[in-house]
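Participant: No letters, just coordinates:
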């Protein structure tokens, strides 16, 4: 079932947004500005100086990128369950947020990275270097999350092997058969019939950390 990964994705995306905007707010507060945080922006009073604007603008993408990359290498939940799936989604979405802002730096001047470059009067080539770094980062994420499954057979009559990603292993035959997390303790997961079907990560509803 897709309940687990759907709920985990939505909750993780909300956490990524809140923490991203909170990073802007904290950066402004540390510089002596009062911030009012909204869903997708933070407004400061009084008006920020150019230097303060650059710092607060870059705080969000930098925090998202660093927290996502760090989360990819931590293993707080070593058993199977919803919290581990939530952690995988958070790591992916947070890192994606950071690399995404690098990618749009030369194209969107209203974005965090674009606004910072405009405030610094950075040469055009700096924006394109940021874009190249962002694209490389997105490719890196794709390899971390997608390549292990893409290289595997679509179907198999043998027991599905473990797929290694982010230091964890997942058994694809159990991904879609796991019950929703709120019913996991009351209903045992159904036994998958052969052949087993593969699904792309991080769709795993049941993960086992090594």
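Facilitator: Received it, and whenever you're ready, just let me know what you need. Please read all numbers here as calculations on a predicted model, not as lab measurements.
Participant: Only the buried residues of stretch 25-45, if you could.
Facilitator: Using 16 or more other C-beta atoms under 10 Å as the test for burial, stretch 25-45 gives 25, 26, 27, 28, 31, 33, 35, 42, 44. All C-beta spots, glycine's among them, are computed from the backbone N, C-alpha and C.
Participant: now, which of these lie within helices?
Facilitator: 25, 26, 27, 28 (DSSP state H).
Participant: out of the residues you listed, which one sits closest to residue 59?
Facilitator: Minimum distance to residue 59 across these is 3.6 Å, recorded for residue 27 (C-beta to C-beta).
Participant: Quick check: closest non-adjacent residue to the closest one.
Facilitator: residue 59 (3.6 Å; C-beta to C-beta, 6 or more residues apart in numbering).
Participant: Can you get me the start-to-end distance on stretch 100-111?
Facilitator: With C-alpha to C-alpha, to the nearest Å as the measure, stretch 100-111 spans 10 Å from end to end.
Participant: Of the buried residues of stretch 25-45, which one scores lowest on pLDDT?
Facilitator: Ranked by pLDDT, those bottom out at residue 35, which has 83.
Participant: Now do it against residue 18, distance only.
Facilitator: 14 Å (C-beta to C-beta, to the nearest Å).
Participant: sorry, back to before: regarding the residue nearest to residue 27, what is its secondary structure?
Facilitator: Local secondary structure at residue 59 is given as helix here, using DSSP: H, G, I helix; E, B strand; the rest coil.
Participant: how close does it get to residue 76?
Facilitator: Residue 59 is 24 Å from residue 76, where distance means C-beta to C-beta.
Participant: Low-confidence stretches in this structure?
Facilitator: 1, 78-80, 147-210 (pLDDT under 70).
Participant: where do the helices sit along it?
Facilitator: Going by DSSP H, the chain shows helices at 3-30, 50-73, 82-103, 112-120, 124-145, 147-150.
Participant: The third one: which residues count as buried?
Facilitator: Looking back up the chat, that one is helix 82-103. For helix 82-103, by 16+ other C-beta under 10 Å, it's 82, 84-103.
Participant: When residue 59 and residue 76 are compared, which one has more neighbours?
Facilitator: residue 59 (23 against 9; other C-beta atoms under 10 Å).
Participant: ok, that one touching residue 24?
Facilitator: Yes: applying C-beta atoms under 8 Å as the test, residue 59 and residue 24 come out as touching, 5.5 Å apart.
Participant: most packed of the helices of the chain?
Facilitator: Using mean count of other C-beta atoms under 10 Å, the stretch among these with the largest mean neighbour count is helix 82-103, at a mean of 23.
Participant: How about the contacts made by the closest residue to residue 133 other than its chain neighbours?
Facilitator: Closest residue to residue 133 apart from its sequence neighbours, by C-beta to C-beta, 6+ apart: residue 102 at 5.3 Å. Each residue near residue 102 by C-beta atoms under 8 Å, 6 or more residues apart in numbering is listed here: 61, 65, 113, 130, 131, 133, 134, 137.
Participant: Check those against residue 11 and report the nearest one.
Facilitator: Scanning the contacts of residue 102 for proximity to residue 11, where the rule is C-beta to C-beta, the winner is residue 65, at 20.3 Å.
Participant: Relative to residue 38, how far out is the closest residue in space to the closest one that isn't next to it in sequence?
Facilitator: Ranked by C-beta to C-beta, 6+ apart and with sequence neighbours excluded, the top spatial neighbour of residue 65 is residue 98, at 2.5 Å. Counting by C-beta to C-beta, the separation of residue 98 from residue 38 is 21 Å.
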